[in-house]
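Asks: Got a predicted structure plus its sequence, pasted below:
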Amino acid sequence: MTQQSDHNKLKTFVPIPARPAPGASNSWLAHLRQQYFSTVLSSALTVTTLFLFYLLMSPLVDWALVKAVWSAADRKECYSVSPDGACWAGVIHWFNNIIYGRYPSPEIWRINLVFVALVLWASPIFINRFPHKVMVFLSLWLAFPGLASYLLLGGEHGLLTQLWFGIACAILTIIVLALIWLVTGRELAPGHSALTRLKLPLLALTIGACLGQQWLILEAVETTRWGGLFLTLVIASVAIMMALPIGILLALGRRSELPVIKYLAITFIELVRSVPLITVLFMAVTMLPFFLPNSVELDKLGQVLVAISLFAGAYMAENVRGGLQAIAVGQTEAAKSLGMNYWQNMIFIVLPQALRLMIPNIVTSFISTLKDTTLVSIIGLFDILLMAKNMAIDKKWLDLHTEPLVLIASIFFVLCYGMSQYSLYLERKLQWSH
Amino acid sequence: MKSTSPQKTDTSWSWHNPVLRAWFYQCATIIIVLLLVYYLGSNIIENLRLMGLPFGFDFLSSTASFDIGWTLIDYRPDMNYWRVYLVGITNTLVLSLLIIVFATVLGFLMGVVRLSKHPLVAILARAYVEIFRNIPLLIQIIFWFVVIFLELPKPKHSFAIGEAFFLNNRGFYTPELLTDSPLLMVLLATVVVWVVYWLLPRGLKSTKSPQQQATKSLAMLATTGLKWLGYGLMLYVVFLIFSGNFEWVNPEKGRFNIEGGMFLPAAFCAALIAMSVYRSVTIAEMVRAGILSVDQGQKNAAQAIGFTQWQTLKLVLIPQSARSIIPPLINSWLTIVKESSLAVAIGFPELVSLFMQTSLNQTGRAIEVVLMVMAFYVVTSLLISGVMNQVNKRMQIQER
C-alpha cells in the first residue's frame, strides 16, 4: 500500500511555485531608475544637471521667447513694450541686409537664382544613384563660376565670358533634365540616348545664351555692395574651390623626389601655416598694392580672395598629403610597371583614391574656412558679422547688439553643425565601403 | 628614385633620361621663382619710389607718440616703435599663455566629462562641445565683449568680492603683488632650466655604458651642470620666498573709478574667456579620443596581474593616452598663439593691433611692419614646434 502510494506520489507533478515577477523591469519607470538614479552619485548628477539646465535655459527662454517683441518700428518702441526681452523686430527689419548685404533690393532675385542653380547643380553629388559624379563636380568647378559671375556682377562682358555663361547654362540644363529623368524613373546610364538626341537644342541654347547677353545686360553691381551671408558664402566657396588645386599641387610638391621643388613647397606650406590668417589678410590689403605694377586696379574682395585661397591651400596641402600617404605604394608600383609616367600615375591611379578618402576632411576644412571667413570683417568687408555689427549703429536700432549676434551665431551653428554631421556620415560610409 | 642597378645609369642627352629631366625641372622651377621674385621686387622698388617712401627699419627708433591702454612692460608715448613692438609681443604672449593654461585645464575636464556614462551629463557635455565648436571664434569673442562685459555695471556699482576683487564694465581688478625681490624671474628661470634638462636626449644623462661616457664627457658635464643649476635655483626660490618682503595691494574703490591693484581690461577678459572656451572644446575632443584609443585589453591585463585601480590609471592608461594626446595638444597651443591675434577685433592692444594697425597707419611702412609681425609668429611657431618634436621623441616608446 505504502509502495503504491509512493508510486502515485512520484507520478503527480508538483511544480515549484513561480518566482515573483521581476519588479516591473520593463516599465519606463524602472528604466528611468536604472539610468538616472542607480547610485547616489548618479542621482546627484541627474539632479545637478537638471538644475544647471534649468538655470541656463529659463532666463534664455524668458528673454528670447516669452518677453520678446516681434514687431515694432524702432528700438524705443521695443523697449517700451518689454524692457528686458529680445527685440526681434529689429532683426526682422534688417534680415535682408544681414543675408544679402547692401545688394540693391530689386536685384536680389539674382542672388536667389544663383543659389537655386547651385543647389540644382550640386545635388547630383549627393544623390547616390546619379552617375558621373566626378564630371558633375568638375563642371561645377569649371563652368558654374561663369553663370555666377554673369548674374552676380552684371554689367557688360567680353565674348569669352559670354561663351562661359552659355556653356554653364547648357550644362545646367543637362543636369536638370537628368534630375527630372531620375525622378520620373527613367534609366540614364546606358548610351545616354536622350542626351544625344538633345545635342542640337543644347547647342542652340548655348549660342542663344551667349548672344542673349547682348540684349539683356543686367545692372552692374560692384563688389563693394556685396555683403552679408551672401558675401561670406562667396568667399568661403571660392576659397575652398581654389584651395583644392593649390593644395594638391603643394602636396605633390612636398612629396616630390626633386629637392628644389620639395623644399620650395615645404617652405611655402610651413610659412603660411605658422602665421595667423588675420596677418595674411592685413598683408593682402596693405602689401599687395606694392607687389603689383601701379596700373593694376585692385579690388579689395579680390585681394582677400587671393589671400584666403592661398591660406586655405596651405592647410589643404596637409590634408591631401595625409590622403596620399594612405594609398599603398603597391598602387604606384603597379602603375609604373604598366608604363605610366608620373602624371598619368597621379591623375588616374593615386589622386582619385586619395581624394575619395579625403572627402570628409575637405568638408571639415570647408567648415573651418567658413568660420574663418568672419575675419574679413576686421579689414572692412561687409560680411555677415560686419552687417550684424552695423545694425547697432543704425539710428532706429541704436545699440541693438545681442539680437543680431544671436541670429548670425545660430545661422553659423546650423550651417557648420549640419556640415560636420554630413562629414561624419561620409566617414562612416567610406568605412563601410572598404 | 630607385635605379635598378648602378651600371645601367643612363648617360644619354635625351628627354628620356630621368636624371637629366629632374635637373631640367628643378632648374626651370628655380628660374621661374627667381623671375617672380625679380618681378615683385622691381614692382616694390618702383612703387616705393613713386610714393616717396624709403625702405628700412630706421622708423623703429622714431617716437611713437600714442598711448597704449594696457601694458605689462614700461611704456610711455614718448618711447619709440621698437618699444611698441615689444609691448605688443609681451601682451600677445601673456594673453596666449593664460589662454593655453585655461583651455588645457578646461579641456581635460570636459574631455573626461564627455566620457561619462550618465546620459544627461553626456548630453550636456555634447551640447557644450557642439555649440562652442560650430560658432566662429570671432563671433564668440565679440559676444563676450559686447553682450557680457560691456553690459556689466559701471565702476560705481561694481561687483565686489570682499575688498580685493572688483568686476565692472571696464574690466577686472585684482590685488597686486608689490615686491622688490626678483622672485618671478628666478621662478621662470628655474622652470626653463628643468624643462630644458627634461628635454635633453636620454643618452646624455645615462651613465650606463662607459664608452658613451668617454665620448660624451663634455656634454655629460654640461648636463650635470644644468641639473645642479636647477637645484641651486630651486634653493634660491625657497630662500626668496622666506626672505623677501611681499605686499598685496588691494584695488581701491574711488568715486568714479577703481584705482591701484592689478587691472585686466574688459577686452582682455573677453578674449581670454572666449578663446579658452573655444579651444577647450578641441582639447576635450583630443583627450576623449586619447583615452578611448587605449586598448581595453591593456586595462584588463593590468588588473589581471593585480594592479589596483589607481596603479592601472597611473602606470598603464595615462602614459599610453598621453602619447596620443600630447602632439595634437601642443599643436593646439600653437593655434592659440596665432588665434590670440583675433583680440584685435575688440581693441585689445596686442601685436597685430598695435603694430599692424596703429603703427602701420602712422608710419605707412607696410612692408617692414608686416614682415616684423610675421617674423614674430614664424619664430614662435618654429620654437614651439621644435620643442614639440623633442617632447615627441621623449614620449615615444623606447625600443631596445
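Replies: Nice, thanks for sending it over.
Asks: Can you pull the phi and psi angles for the closest residue to chain B within chain A?
Replies: With Cβ to the nearest Cβ as the measure, the residue in chain A that lies nearest chain B is residue A:274; the distance is 3.5 Å. Glycine gets a C-beta too; all of them are placed from N, C-alpha and C. Dihedral angles phi and psi of residue A:274 (degrees, to the nearest 10) take the values phi -100, psi 0.
Asks: One more: residue A:275?
Replies: Here is the backbone geometry of residue A:275 (degrees, to the nearest 10): phi -110, psi 150.
Asks: my guess is it meets residue B:377, correct?
Replies: Yes. The criterion here is Cβ atoms under 8 Å, and residue A:275 meets it with residue B:377 at 4.5 Å.
Asks: Just give the nearest non-adjacent residue to residue B:81, would you?
Replies: Nearest-residue entry for residue B:81: residue B:60, 4.8 Å, with adjacent residues in sequence omitted and distances by Cβ to Cβ, 6 or more residues apart in numbering or on different chains.
Asks: before we move on, the earlier item: what secondary structure does the closest residue to the residue of chain A closest to chain B other than its chain neighbours sit in?
Replies: Taking Cβ to Cβ, 6+ apart, and ignoring the residues beside it in sequence, residue A:274 has residue B:381 as its nearest neighbour in space, at 3.5 Å. With DSSP: H, G, I helix; E, B strand; the rest coil as the basis, residue B:381 sits in helix.
Asks: so what's residue B:381 up against?
Replies: A:273-275, B:334, B:337-338 (Cβ atoms under 8 Å, 6 or more residues apart in numbering or on different chains).
Asks: go on, residue A:121?
Replies: Residue A:121 makes contact with A:136, A:139-140, A:144, A:171-172, A:175 under the criterion Cβ under 8 Å, 6+ apart.
Asks: Show me which parts of the helix or strand containing it are buried, residue by residue.
Replies: Secondary structure assigned from DSSP states H and E places residue A:121 in helix A:108-126. Within helix A:108-126, the residues that qualify as buried are A:110-111, A:114, A:117-118, A:121, A:124, counting by 16 or more other Cβ atoms under 10 Å in any protein chain shown.
Asks: do the same with stretch B:285-303
Replies: Buried residues in stretch B:285-303 (16+ other Cβ under 10 Å): B:285-288, B:290-291, B:294, B:299, B:302.
Asks: what's the answer for stretch B:256-270, then?
Replies: Along stretch B:256-270, the positions that meet the burial threshold by neighbour count (16+ other Cβ under 10 Å) are B:258, B:261, B:263-270.
Asks: now, which of these sits nearest chain A?
Replies: Using Cβ to the nearest Cβ, residue B:270 is the member of the buried residues of stretch B:256-270 that lies nearest chain A, at 12.9 Å.
Asks: My reading is that residue B:69 lies in a helix. Confirm?
Replies: No. The assignment for residue B:69 is coil, going by three-state DSSP, so no helix is present there.
Asks: I figured the residue nearest to residue B:81 hits residue B:79, correct?
Replies: No. Contact criterion Cβ under 8 Å: residue B:60 and residue B:79 do not qualify, at 11.1 Å.
Asks: neighbour count winner among those two?
Replies: A side-by-side neighbour count of residue B:60 and residue B:79, using other Cβ atoms under 10 Å in any protein chain shown, places residue B:60 first with 19 against 16.
Asks: Just the ones in helices from the buried residues of stretch B:285-303, please.
Replies: Among the buried residues of stretch B:285-303, the subset assigned to helices under DSSP state H consists of B:285-288, B:290-291, B:299, B:302.
Asks: Looking at these, which one is closest to chain A?
Replies: When those are compared for distance to chain A (Cβ to the nearest Cβ), residue B:285 wins out at 11.6 Å.
Asks: Now do the same contact list for the closest one.
Replies: By Cβ under 8 Å, 6+ apart, the contact list for residue B:285 reads B:111, B:114, B:129.
Asks: now it: how far from residue A:219?
Replies: Here the criterion is Cβ to Cβ, to the nearest Å. By it, residue B:285 lies 48 Å from residue A:219.
Asks: Write out the residues of the stretch 101-250 of chain B neighbouring chain A.
Replies: Where proximity means Cβ under 8 Å from any Cβ of the partner chain, the interface of the stretch 101-250 of chain B facing chain A comprises B:116, B:118-121, B:124, B:130-131, B:133-140, B:142-143, B:146-147.
Asks: again, only this time at 7 Å
Replies: If contacts are counted using Cβ under 7 Å from any Cβ of the partner chain, the residues of the stretch 101-250 of chain B sitting beside chain A are B:118-121, B:124, B:130-131, B:134-136, B:138-139, B:142-143, B:146-147.
Asks: Report how many residues lie close to the closest residue to residue B:146 other than its chain neighbours.
Replies: Nearest in space to residue B:146, with sequence neighbours left out and distances taken as Cβ to Cβ, 6+ apart, is residue A:401 at 4.6 Å. The number of residues packed around residue A:401, counting by other Cβ under 10 Å, is 19.
Asks: For the chain, name the helix or strand with the lowest mean pLDDT.
Replies: No chain specified, so I'll use chain A. Across the helices and strands of chain A, mean pLDDT, DSSP states H and E gives its lowest value to helix A:2-11, namely a mean of 58.
Asks: meant chain B actually
Replies: When the helices and strands of chain B are compared on mean pLDDT, DSSP H and E, helix B:210-215 comes out lowest with a mean of 57.
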